[in-house]
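1. this is the structure alone, sequence omitted:
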């Protein structure tokens, strides 16, 4: 009688190992098929195109360029920019020259142009209040002039440039003309010794005179920025429009 074949533990192991290897081989073939045949079709591999450079172009020009290439534009940011007109492309992502696929979104930052401000009406209010209102909307106030007026109280604004309610670029320099009150009947040099420079200038103009040459020198132990010498001296009778020269302590 023929003896039956008896499997040993080693034989069982080899059978199972062979089956596992077959399964792994089948899965490897499936994965390779997915990676090299299916996924490229699904992800459109091989259809990447270079991202056009639209920096400095207008938004309408960018739309024409990207639209022809199948991209979608998204404006994520608008920034005030003094050097680029409104609607100009300032930045983009992905960056120009990179590679991406058709149909992807291109994110843009676009110029909103120069920041503007509406000029407030400061006529008839005190000088310091007028300066505060103009600076509060982003305007510079560096040109302050003075003139006599019989209609506007001393220290109040009698004229302004730009005019009220005008729309101007921020950082525009505004000019105000401040009333010195009524013109004096006689012209006497005011005493401005030891007064701060700006206060001395104002009193000289209010007296109907002109601030002449200003020298700066060092005076130890004296008030910084104050008048040390004035010519002519206070109380001198002069003609309208005569000049008063000052020396200021710069220490």
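-> Okay, I see it. In this text, all values refer to a predicted model and were calculated from it rather than measured experimentally. Numbers count the residues shown, from 1 in each chain.
2. next up, phi/psi of the closest residue to residue 140 other than its chain neighbours, please.
-> Excluding the flanking residues, the one nearest residue 140 by C-beta to C-beta, 6 or more residues apart in numbering is residue 173, at 4.6 Å. Using the backbone N, CA and C atoms, a C-beta is placed for each residue, glycine as well. Main-chain dihedrals, residue 173, degrees, to the nearest 10: phi -80, psi 120.
3. same check on residue 26?
-> According to degrees, to the nearest 10, residue 26 has phi -60, psi -40.
4. enumerate every residue touching the residue nearest to residue 140.
-> For residue 173, the contacting residues are 139-143, by C-beta atoms under 8 Å, 6 or more residues apart in numbering.
5. over to residue 74?
-> Remark: with contacts taken as C-beta under 8 Å, 6+ apart, residue 74 is in contact with 105-108.
6. element containing it, please.
-> Residue 74 is located in strand 72-80, with elements delineated by DSSP states H and E.
7. could I get the buried residue list for the following helix or strand past that strand?
-> The helix or strand immediately downstream of strand 72-80 is strand 89-93, counting by DSSP H and E. By 16 or more other C-beta atoms under 10 Å, the buried positions in strand 89-93 come out as 89-90, 92.
8. how about residue 19, secondary structure?
-> Put simply, residue 19 is helix when judged by DSSP: H, G, I helix; E, B strand; the rest coil.
9. picking that back up, adding pLDDT and distance to residue 59, write the buried residues of strand 89-93 out as CSV.
-> Listed next are the buried residues of strand 89-93 as CSV, based on pLDDT from 0 to 100; distance: C-beta to C-beta, whole Å:
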residue, pLDDT, distance to residue 59
89, 91, 7
90, 91, 11
92, 89, 11
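10. which one of the residues you listed is nearest residue 129?
-> Each of those was checked against residue 129 using C-beta to C-beta; the closest is residue 90, at 37.7 Å.
11. show the contacting residues for that closest one.
-> 55, 79, 81, 84, 109-111.
12. buried residues, stretch 141-158. List them.
-> Applying 16+ other C-beta under 10 Å to stretch 141-158 flags 141, 146, 148-149, 152, 155-158 as buried.
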